[in-house]
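Student: Coordinates for the following, if possible.
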Amino acid sequence: MKDKKVIVRDLVEELKLDILFGYKQLDREIQVSDIYRPGLELAGFFKYHPVERIQLLGKSELTFISGLSAHERRERIQQFCHPEIPCIIVTRGQKAPDELIHEAEKKKVPLLRTEMATTKFGSRVTNYLEHVLAPSTTLHGVLVDVYGIGVLIIGKSGIGKSETALELVKRGHRLVADDAVEIYQYDENSLVGQAPELIRYLLEIRGVGIINVMTLFGAGAVRDKKKISLVIQLEIWQEHTYYDRLGLDEEKYKIIDTEVTKLTVPVRPGRNLAVIIEVAAMNFRLKRLGFHATQQIVQQLNKTLGDDLF
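Tutor: You can find the predicted model right below:
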């Protein structure tokens, strides 16, 4: 798993922020994606002050500060402007109070400004940081969107993952990534995969070479990212190995901290892997909707046997 690091300079460049103070302090690290609007602190409550977060000062906060006496304003801002704060951002293009600029210089805290409205800007900052700071890893495999289900195909090199993906694309499904899949965990049960920028939309077919799927099949044959819902592992068919024939036993495959449903599909001549993966994706959707064919058969069988006993 990759260690993520974001510094204030990254935020300034990404969101085009004005720097009121702190050109030399832009290498401060931002460790959490949460932001904070310090209304309670400016009102004098400092028992809980999350200084590890970016501090956002909107129109409400600055209007409140301007209504304080000079002594109160100076005292509150002194307490608020903690040296461990990554940065303070003033929104709506408002003028920062002189006391805040003074304390930011004294505590060496970057003081920034944006023209955007507070709520909209807060959403953009959170989305950006959640994406950049999300735990991530890179797996060898192919990610395809089959009937709206993100299917990660894994298996040993040369087993036919890319060829299967090509057949799926020809059947109207969409390629997300081939060979290397970058996977991000945005929350406890959400994994999103994408292709590295260098190989986006590319597919490697042995004997043919590298093809650009979007150029050959059009923009509708690719997508940039997709939530991973199902993992299918391809392996060479082994005569004496047991393979699940009913679908009662559900395997799990752990990626980062999230477990995803996994199916093992044996590969041998004559098996159409693309069709099997299509059916697996459709069956997975049905199971999520509450239709489980195997369980229905078992229930009917138990009912029939029970009726025969009486």
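
Student: Correct me if wrong: His140 contacts Leu152.
Tutor: No - under the criterion of C-beta atoms under 8 Å, His140 makes no contact with Leu152, lying 10.5 Å away. C-beta: built from backbone N, CA, C; applies to glycine.

Student: quick one: which of the two has more around it?
Tutor: Using other C-beta atoms under 10 Å as the criterion, His140 and Leu152 rank with Leu152 on top: 27 against 12.

Student: Could you check how far the more buried one is from Asn283?
Tutor: Between Leu152 and Asn283 the computed distance is 16 Å (C-beta to C-beta, to the nearest Å).

Student: same deal with Val275?
Tutor: Taking C-beta to C-beta, one finds Val275 at 12 Å from Asn283.

Student: More neighbours: those two, which one.
Tutor: Each of Val275 and Asn283 has its neighbours counted (other C-beta under 10 Å); Asn283 has more, 18 against 12.

Student: The more buried one: helix or strand, and which one exactly?
Tutor: Following DSSP states H and E, one finds Asn283 within helix 273-288.

Student: can you give me the mean pLDDT across that helix?
Tutor: Mean per-residue pLDDT for helix 273-288: 92.

Student: Also stretch 37-51?
Tutor: On average, stretch 37-51 scores 94.

Student: Show residues contacting that stretch.
Tutor: By C-beta atoms under 8 Å, 6 or more residues apart in numbering, the list of residues contacting stretch 37-51 from outside reads 34, 36, 55-58, 60-61, 64-65, 76, 79-80, 82, 84-85, 118, 122.

Student: Stretch 233-241 too?
Tutor: For stretch 233-241, contacts defined as C-beta under 8 Å, 6+ apart pick out 153-156, 159-161, 164, 253, 262-268, 273.

Student: if we can go back for a sec, tell me, what's touching His140 and Leu152 both at once?
Tutor: Val181.

Student: and Ile205, bridged to which residues?
Tutor: Gly209 (DSSP bridges).

Student: scratch that, Val181
Tutor: Leu139.

Student: which neighbours do Val275 and Asn283 share?
Tutor: Joint contacts of Val275 and Asn283 (C-beta under 8 Å, 6+ apart) do not exist.

Student: Now do the buried residues in the helix holding Asn283.
Tutor: Residues of helix 273-288 classed as buried by neighbour count (16 or more other C-beta atoms under 10 Å): Leu273, Ala274, Ile276, Ile277, Glu278, Ala280, Ala281, Asn283, Phe284, Arg285, Lys287.

Student: and which of the residues you listed is nearest Arg92?
Tutor: Using C-beta to C-beta, Arg285 comes nearest to Arg92 of the buried residues of helix 273-288, at 45.3 Å.

Student: so that closest one touches Tyr147, yeah?
Tutor: Yes - counting by C-beta under 8 Å, Arg285 touches Tyr147, with 6.6 Å between them.

Student: Tell me if I'm right that Leu168 and Val142 touch.
Tutor: No - using C-beta under 8 Å, Leu168 makes no contact with Val142, being 9.1 Å away.

Student: Which residue of the two possesses the greater neighbour count?
Tutor: Taking neighbours as other C-beta under 10 Å, Leu168 and Val142 compare with Val142 leading, 31 against 25.

Student: Can you tell me, leaving aside adjacent residues, what's nearest to Ala165?
Tutor: Val142 (4.6 Å; C-beta to C-beta, 6 or more residues apart in numbering).

Student: show me the contacts for that neighbour.
Tutor: Contacts for Val142 (C-beta under 8 Å, 6+ apart) come out as Leu152, Ile153, Lys161, Ser162, Thr164, Ala165, Leu175, Ala177, Asp178, Asp179, Val181.

Student: Stretch 142-152: how far from the chain's middle?
Tutor: Mean-position distance between stretch 142-152 and its chain equals 16 Å (C-alpha atoms, centre = their mean, to the nearest Å).

Student: again with stretch 177-185
Tutor: Distance, centroid of stretch 177-185 to centroid of chain: 11 Å (C-alpha atoms, centre = their mean).

Student: how does the chain divide into domains?
Tutor: 6-132, 134-295 (automatic domain parsing).
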